[in-house]
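**Student:** Dropping the sequence and predicted coords here.
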Amino acid sequence: MQLKLLWELQKVDLAIKDLEEKIEEAPAESGVDETTELVRQLREDYENRENQNKDDRKKLKNLEMKTQKLVDDRREVNDNMYNGTVTNVKELEQMHRRMDQLLSEKEKTEDEILLIMESLEEQDEELARLKSELDKAENELTEKEERLKVNLAEMNQTIVGLREERATRAEKVERKYMDKYVMLAEKNQGQAIAVVNEDLCGGCRVFISSGLRGHLYNPDAMVYCENCGRLLVKLDD
Ligand SMILES: [Zn+2]
């Protein structure tokens, strides 16, 4: 009877041990850390590109203002050339050169504007792509965190129940059996007691000698496997 109690107790203890390991491994297994790191990287990348984008838009604005200024300057020189106030040929030639110079500067600036606009278009596409990737990763992270929370809550609830069951069962076990069980459990990774099945030790699968077998029919006799040292119990078929 005591051995059967111990056998049932061992099942509960092993279930508790198994669950304790699962609870400990749950955060790492959940993938929360990896996804947190992914979100961090994506966010950093997104922010860097967003800043670059802002800088380039500022540059574009300045170039557009510069173009406008060149157009205005050119119109002013043009007006002065044709309003009849300047008659000196040399001076008029100088004004012509100034007009050409302003034109070539304007064309150069417009080329720069085109390049920046093309780059901004690519940047906007890349930003949109990164944003959707970031959103996806953030959703994934929320899901994983939520799943982990639910899993841990369930496992913790189960383990509380198992510990209560353990306490109830342990109360029925006599001291000398309990001491033996605890000692053997420490030595055998929790597998203190083994069921005998078809004359084999359920712990190490080694044959039980005929000398020992006879004692197994005494339900309270403590019989140990000659090979692995586990306490043997013969359950009713
Ligand atoms: Zn054995």
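**Tutor:** Yep, that arrived.
**Student:** tell me which residues of stretch 213-226 are tucked away?
**Tutor:** Taking 16 or more other Cβ atoms under 10 Å as the basis for neighbour counts, the residues of stretch 213-226 that come out buried are 216, 223, 225. Just so you know, the C-beta spots here come from the backbone N, C-alpha and C atoms, and that holds for glycine as well.
**Student:** and of these, the nearest to the ion?
**Tutor:** residue 225 (3.1 Å; Cβ to the ion).
**Student:** Contact residues of this protein facing the ion?
**Tutor:** Taking Cβ under 5 Å from the ion as the test, the list of the chain residues beside the ion reads 201, 203, 204, 225, 227, 228.
**Student:** How far does the longest helix along the chain sit from its chain's centre?
**Tutor:** Counting residues, the longest helix in the chain under DSSP state H turns out to be helix 89-171. The chain centre lies 18 Å from the centre of helix 89-171; the measure is Cα atoms, centre = their mean, to the nearest Å.
**Student:** what does the domain assignment say about the chain?
**Tutor:** For the chain, automatic domain parsing gives the domain ranges 1-29+174-237, 31-171.
**Student:** Among the buried residues of stretch 213-226, name the ones in strands.
**Tutor:** Under the assignment DSSP state E, those contribute residue 223 to strands.
**Student:** CA-only coordinates of the helix-or-strand element of the chain with minimal mean pLDDT, as PDB, when you get a sec.
**Tutor:** Taking all helices and strands of the chain together, the one with the lowest average confidence (mean pLDDT, DSSP states H and E) is helix 210-213, at a mean of 88. As requested, the backbone C-alpha atoms of helix 210-213 are provided in PDB (Å, rounded to 0.1, in the frame of the first residue of the first chain):
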ATOM      1  CA  SER A 210      14.000 -14.900  -8.700                       C
ATOM      2  CA  GLY A 211      15.300 -14.300  -5.200                       C
ATOM      3  CA  LEU A 212      13.900 -10.800  -5.100                       C
ATOM      4  CA  ARG A 213      10.700 -11.600  -7.000                       C
END
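**Student:** I'd guessed residue 152 sits against residue 25; true?
**Tutor:** No - contact criterion Cβ atoms under 8 Å: residue 152 and residue 25 do not qualify, at 11.1 Å.
**Student:** ok, these two, which is more surrounded?
**Tutor:** For residue 152 against residue 25, the residue with the higher neighbour count under other Cβ atoms under 10 Å is residue 152, and the figures read 15 against 10.
**Student:** What is the neighbour count of residue 54?
**Tutor:** For residue 54, the number of neighbouring residues by other Cβ under 10 Å comes to 10.
**Student:** 30 is where my numbering starts, stick with that
**Tutor:** Got it, first residue is 30 now, which makes that one residue 83.
**Student:** Look at it and report its pLDDT.
**Tutor:** Listed pLDDT for residue 83 reads 97.
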